[in-house]
Each structure stands twice: as structure tokens, then as C-alpha cells.
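Asks: Sequence below, structure please.
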Amino acid sequence: MTPGAPAELGSPITLPEAKRMREQVCVMGLGYIGLPTASLLATKGYRVLGVDVNAHAVDSINHGNVHIVEPGLDILVKSAVGSGNLSASMEPAPADVFILAVPTPVRHEDHEPELSYIDEATEAIAPHVAPGNLVILESTSPVRTTEQVARLLSERRPDLKIPQRTRGTGHTDAEPDQVFIAHCPERVLPGQILRELVDNDRVVGGVDDASAQRAAEFYRTFVGGQVLVTDSRTAEMCKLVENAFRDVNIAYANELSIICEQLDINVWELIEFANRHPRVNVLRPGPGVGGHCIAVDPWFIVSSAPEHARLIRTAREVNDSKPCFVVESVRQSAERYKEPVIACLGLSFKADIDDLRESPAVEIVRHVATEGLGTTLVVEPHIRSLPPALADIDVELVDLPTALKRADVVVLLVDHREFLSVERETLLRKVVIDTRGIWR
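Replies: I've put the predicted structure just below:
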């Protein structure tokens, strides 16, 4: 394997089906990545135990139900549980393959990565890991985290042969009875997870070359895209680079929208014209950046190289500050009314999903309500109750017709399909703040 240059490993290597059906997989974390992955593996013939600290989630899955919203996931889980290949528990058990798919947030106070969930998951599986097992970290992680998993396993289980980092030796022969340690970050889009788990290319990085080979062999049993092989640090950095690239480009669009507001220029029209250039593709601005990836992953790069990640840091700061700009626009609009009613449309971090993680819309609504800018209504068709961040403040969850009837100020925060069909007549004589440009 050439140092620093991921390369596909020749012809696909597949586990014989008989062996696959004997292999046990333990998936740590049953959220937006862990549960779809566990269910998919179960339908491919693996015997899968999903583990989560959420008792409600465990109970729901064991009854063939889901606790998160993702198109097609309910059918897949029901099928996987019904086949007997998928079960859930709050405690791990011995397996042939362990997949860590737990959260890796950043601390809001200093933007440093919070890796305690990975450490806890590693501690939990340590008593059950055996020679020949494969341990895969799927959680998006700062560079060197996979090596940290290997070190922690080595400390807890000195009886095991845990590989140390080697790079590009080309020696893929495993040590007798060694444990294989690798990283394979997910690259899926909410709303399309089940398709992209199979179709997307995957980057697999091993702590040593033998681990990379073993992990690639595993992924090729259910991934239709190419499986590209490298070392664990490169695999970790690859996911971070992908999301930092998108974050920087979104920051350009968000900063441009603020400048255009000051210069009284329609930013949506401007971007449409600029994108007529054959080599220009300016993204669409929004109220900020959310989700478990783009709003988080660039900080992992900044944390790893704080003196050099200047552009990446600035982009994060631009996107993190955009909600404040939106709140200020709401404040100025609300001042026109004696007792303003403000309808905020959307809470999720992107359209047509229920995922509120790191959502700028939630932050904007919280500030509008807590700063007393007016009676605050929220429309979010994909949830049944307000999230904890809004549950204890003066915010009312209503349907779209009610919000449009009562509101003086309408703030479009998420471009859900339901909002696209709003009749323009219903917006007359209201102040409209359209952060997504869908009503322009």
C-alpha cells in the first residue's frame, strides 16, 4: 500500500455466504447511522446485536419499530427483526465484528471534540473482544481517534494482540490471533441513508495494513460502491475534509447574503446570474449550518491544527454567526408591531426530515422567544412535540394554517415541501423573512 495514497484493493473480496451467516456483528449505537447499518447487515445474513443506552429505543426495535424517522427504515427494521437476525440490547455481547457508531459532538464552549462516547463504547466491548475480531470505528472522528480506540483496548485487554499504527508497508498478512482495528466513516445523506449505505463509495483505513484488508473484506459484502483502502488517519481526515469543503462554500454564500442585504441586492437573483458562468457554482445561503456533520466536523480539523486551520475556522465562525443575523432581522421587523406574533417555519437542520441536531433554526427560535421579540409560533410538520431546547420557554407548536393566520412576521427557516406550496396571497400584509429563498 502506497503511503498517503488510497487505492482500491483489486477485485472485490467477499465472505462466503455460509461464513457470513455465522458471523455475529455488534453495533454500538442505534441512531441515524447505527440502526440503518445494523438492519442492513441483518438482511444480508449477519446475526446482529444492536446496543444503545436508550431503553425506549431498544424496546421499540425489539418490537420491530423505529424511534427515528428515515424513509424505508421502518420496513427494513421490521423485516430484520422478524427474520431473527436483528435484536437490540443495552449491553454488548461477544461478536466477530464490532462497529462503533456513537455520537461525536463538539463542546459548545470551546469547540473541542467530545470523545467520551467512543471511550465508553470501547470500554463496554473490551471484555467481549476476542482474537481474530474486527473492531470498526464508524463515528466521524478527529485524526488519531482510531489509534486511541486501539490503545484503550490494549490497556483493558493486555492479553490481546492489538496492532500499533503502521503505514504503507504492504504487509497485509495478519499476526496470529491479532485483533483488527479500522475506521470507516459514514458518508450518507439523511433521507437517503438506506440507498447510500449500499451505493456510496467507502474509505476504509486500518491501524495496520492487515486491519485495512480485513475491514475492506467485510464492507464488500454489502457495499455496492467502491471500497477504497488506506490508513486510519487518512480515512479519518477524508471525512473531515469532505464536510469542511462544504462548510467553507456555504460560508461564502452566507457571507454573501449578509453583504447583499446591506447593499440592497437580491442575493438569490445574484447567485442565479453568477452561476451562469461555466466554472462558478455558488451554493444557496441559509440561516446557518446544522446537522451532525457539517456543523461539527470542521472543528475537528481546527482542533488538530489550530495554528494553520485559519480558513476552516473562519468559515465555521461565519456559519455559526448567521443565526444572529437572522434574529436581528426578526427584531427589526417585530418592532413595527405593538404585540407582534412571529411564526417560525421549520426546526430541522434540512428539508423534509425530523433531525434537529445542531439546527440553526432551533437556535433562532430560542433567541426569538427568550429575548421577548413577540409571541412565538413554530411550525415543524415532522415532529409531535418541541425539543428540550424549546420545551421550557414560551413557544407554541402549531400547524401551518394556524401560523399563517395569526402571524405578523413569517420567518421561513427550513424549505420543507409543505412550505413550498404556500399561497402568496396568505403572505400579503405580513413581513416575510425567507432565509431559504423559496418564495422570492
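Asks: Mind checking which residue lies nearest the centre of the chain?
Replies: Central residue of the chain (C-alpha atoms, centre = their mean): His292, 3.6 Å from the mean position.
Asks: I'd say that residue and Glu358 touch.
Replies: Yes. Applying C-beta atoms under 8 Å as the test, His292 and Glu358 come out as touching, 6.6 Å apart. Any C-beta I mention is one placed from the backbone N, CA and C, and that applies to glycine too.
Asks: From start to finish, how long is stretch 300-314 in a straight line?
Replies: 14 Å (C-alpha to C-alpha, to the nearest Å).
Asks: no, scratch that, I was asking about stretch 261-270
Replies: One end of stretch 261-270 to the other measures 12 Å (C-alpha to C-alpha).
Asks: Just the residues contacting that stretch, thanks.
Replies: Leu256, Ser257, Cys260, Arg284, Pro285, Ser329, Gly437, Arg440 (C-beta atoms under 8 Å, 6 or more residues apart in numbering).
Asks: Against Arg195, how distant is the residue with the largest distance to the centre of the chain?
Replies: Distance to the chain centre peaks in the chain at Lys338, reaching 41.2 Å (criterion: C-alpha atoms, centre = their mean). Using C-beta to C-beta, to the nearest Å, Lys338 is found at 51 Å from Arg195.
Asks: Let's see the pLDDT reported for the closest residue to Ala126 other than its chain neighbours.
Replies: Nearest non-adjacent residue to Ala126, counting by C-beta to C-beta, 6 or more residues apart in numbering: Arg156, 3.9 Å away. We have a pLDDT of 97 for Arg156.
Asks: burial measure for Arg156, as a count.
Replies: The burial count assigned to Arg156 is 16, neighbours taken as other C-beta atoms under 10 Å.
Asks: still on that earlier bit, and the residue nearest to the centre of the chain, what does it touch?
Replies: Tyr32, Pro103, Pro105, Thr140, Asp355, Arg357, Glu358.
Asks: Low-confidence ranges, the protein, go.
Replies: For the chain, residues meeting the criterion pLDDT under 70 lie at 1-22, 166-174.
Asks: all strands for it, in order.
Replies: 7-8, 24-28, 47-51, 86-89, 97-100, 134-137, 180-183, 202-206, 227-231, 341-345, 375-379, 395-397, 409-412, 431-434 (DSSP state E).
Asks: Of these, flag the one that's most buried.
Replies: Counting by mean count of other C-beta atoms under 10 Å, strand 180-183 has the highest mean neighbour count of the strands of the chain, with a mean of 30.
Asks: Could you chop this protein up by domain?
Replies: 8-225, 242-434 (automatic domain parsing).
Asks: now the ones you listed in JSON lines, with distance to Glu236?
Replies: As requested, those are exported to JSON lines (distance: least, C-beta to C-beta, whole Å):
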{"stretch": "domain 8-225", "distance to Glu236": "5"}
{"stretch": "domain 242-434", "distance to Glu236": "8"}
